[in-house]
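**Q** One predicted model, sequence on top.
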Amino acid sequence: MLRPHHTLQIGEGRARAIIVVRNLWINGSKLHVRFMGGTPAEQATAREQANWWTPYANLTFEFDNAPDAEIRITFDPNDGAWSYIGTDCKSIPRDQPTMNLGFLDGGTAAHEFGHAIGLAHEHQNPAGGIEWNEEVVLRDLAGPPNFWTPDQIRHNVLEKYSADQIRGTQFDPDSIMLYFFPGSWVKSGMGTKANDVLSALDKAFIASEKAYPRTTVQAVELQVNGGAKQAAIGVAGEEDLYKFTVSSSGRYIVETGGQTDVVMKLFGPNSPTSLIDEDDDGGAGLNSRIVSNLVPGQYYAQIRHYNKAGGTGTYSIRVKR
């Protein structure tokens, strides 16, 4: 991560305002937060800035230090400030942090919570206008305090996301997800400024249909071994949500059918935020198929079109054992 007004310090390249599609939580989720250290003042700052997002995003943060919290925060001053992006947090062992707030300048905590809900760095927006002086960036970041390899520099700074990985807007120079860069790093000579509060576009985007709108999708019930349910992605960007109940442990298959290119995520048990698996073309043709050993509980399957910008079409979904 970038320390505002200071030197680039990104915690081991963990995190990359644009949404990474595969890392979105289910809309309307309650995300639990556990502090793994920190002073009362540090924790208070983290809570305050996390809640900058909640008037706009249809998400809530529960600061209850739950053992299975999705977001787990340390305050190690020797490890910079970083966060895993969105549902990637669920792949991290529960005794390890998913975020570090080694400094709390300006809106640093809000920036990292932006990552935790799925936002990527604004400077990696494919619609961005930054043209890097690559030689200068490579030289500066190879030295102290980062000592990065060229591959690390390209991953964290120079490379942009491809359009099919993200949902986003035009480049926002005021976004809290954009950090300060010196003018020498860009061909125009015009660096970026440090943004310490959410921009108007940050607020509008996180509340939009592309991110976490207030209209929560209701889950449609599926019956295990009950046959295929016919459905459709009616408008671009739509995400359909299904739920089913597992009564006994075993091997279950969740799969789609038809000619529409869909992507599926599976969450549970008894949690719409615990990502079990995701699949794109693991089924027949362009269909999704997840095979997993499940324990008793309720599970959620989320379906979207691969082409989030313009894809629509019919499909079917079923769960079988």
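**A** Arrived safely, thanks for sending. Residues are numbered from 1 along each chain as shown.
**Q** quick one, phi psi at the most centrally placed residue in the chain?
**A** With distances taken as C-alpha atoms, centre = their mean, the residue of the chain nearest its centroid is residue 118 (2.1 Å). When read as degrees, to the nearest 10, the backbone of residue 118 gives phi 110, psi 0.
**Q** What about the closest residue to it other than its chain neighbours, how many residues nearby?
**A** The spatially closest residue to residue 118, leaving aside those adjacent along the chain, is residue 86, at 3.5 Å (C-beta to C-beta, 6 or more residues apart in numbering). (Glycine included, C-beta is placed from N, CA and C.) The number of residues packed near residue 86 is 24, by other C-beta atoms under 10 Å.
**Q** and the gap between residue 86 and residue 109?
**A** Taking C-beta to C-beta, to the nearest Å as the measure, residue 86 falls 17 Å from residue 109.
**Q** phi, psi of residue 73?
**A** The phi/psi pair for residue 73 (degrees, to the nearest 10) is phi -120, psi 130.
**Q** That one against residue 99, yeah?
**A** Yes. Counting by C-beta atoms under 8 Å, residue 99 is a contact partner of residue 73 at 4.7 Å.
**Q** Where does the prediction get shaky in the stretch 1-150 of the chain?
**A** 1-21, 121-129, 145-146 (pLDDT under 70).
**Q** which residues of it fall in helices?
**A** For the stretch 1-150 of the chain, helices defined by DSSP state H, counting those that start in this stretch occupy the ranges 40-50, 108-116, 134-142, 150-153.
**Q** To residue 306, which of these lies closest?
**A** Closest approach to residue 306 among the helices of the stretch 1-150 of the chain (C-beta to C-beta): helix 108-116, 24.0 Å.
**Q** The closest one: how far from the chain's middle?
**A** Chain-centre distance of helix 108-116: 11 Å, with C-alpha atoms, centre = their mean, to the nearest Å.
**Q** tilt between that helix and helix 40-50?
**A** When axes from the mean of the first three to the mean of the last three C-alpha atoms, to 10 degrees is applied, the directions of helix 108-116 and helix 40-50 differ by 50 degrees.
**Q** Which other helices and strands does helix 108-116 contact?
**A** In terms of contact count using 3 or more C-beta pairs under 8 Å, 6 or more residues apart in numbering; DSSP states H and E, helix 108-116 is assigned the packing partners helix 40-50, strand 81-83, strand 99-101.
**Q** Just the residues contacting that helix, thanks.
**A** Contact with helix 108-116 is made by 1, 3-4, 15, 17, 31, 45-46, 48-50, 52-53, 61, 71, 81-86, 89, 98-99, 101, 176-177, 179, 197-198, 202, as judged by C-beta atoms under 8 Å, 6 or more residues apart in numbering.
**Q** export that helix as PDB, just CAs?
**A** Extracted in PDB, the C-alpha atoms of helix 108-116 (Å, rounded to 0.1, in the frame of the first residue of the first chain):
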ATOM      1  CA  THR A 108      -5.600   4.400   5.500                       C
ATOM      2  CA  ALA A 109      -8.100   2.200   7.400                       C
ATOM      3  CA  ALA A 110     -10.900   3.200   5.100                       C
ATOM      4  CA  HIS A 111      -8.700   2.300   2.100                       C
ATOM      5  CA  GLU A 112      -7.900  -1.100   3.500                       C
ATOM      6  CA  PHE A 113     -11.600  -1.800   4.300                       C
ATOM      7  CA  GLY A 114     -12.300  -0.800   0.700                       C
ATOM      8  CA  HIS A 115     -10.100  -3.800  -0.300                       C
ATOM      9  CA  ALA A 116     -11.800  -6.000   2.300                       C
END
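**Q** ok so, going back, can you tell me which of the helices and strands packed on helix 108-116 is most buried?
**A** Most buried of the helices and strands packed on helix 108-116 by mean neighbour count (mean count of other C-beta atoms under 10 Å) is strand 99-101; its value is a mean of 27.
**Q** Direction included, what does it pair against?
**A** strand 71-74 (parallel), strand 81-83 (antiparallel) (DSSP bridges).
**Q** residues making contact with that strand?
**A** For strand 99-101, using C-beta under 8 Å, 6+ apart, the contacting residues are 11, 38, 42, 46, 71-76, 79-84, 108-109, 112-113, 115-116.
**Q** beta partners for residue 35?
**A** Taking DSSP bridges as the rule, residue 35 bridges to residue 73.
**Q** mind listing what it touches?
**A** Contacts of residue 35 by C-beta under 8 Å, 6+ apart are 43, 46, 63, 65, 73.
**Q** please redo it, this time with the cut-off set to 7 Å
**A** 43, 65, 73 (C-beta atoms under 7 Å, 6 or more residues apart in numbering).
**Q** What's the separation between it and residue 44?
**A** Distance of residue 35 to residue 44, computed by C-beta to C-beta: 11 Å.
**Q** And residue 226, by the same measure?
**A** According to C-beta to C-beta, residue 226 stands 49 Å off from residue 44.
**Q** quick one: average pLDDT of stretch 251-259?
**A** Mean pLDDT, stretch 251-259: 96.
**Q** Pull out the buried positions in that stretch.
**A** 252, 254-258 (16 or more other C-beta atoms under 10 Å).
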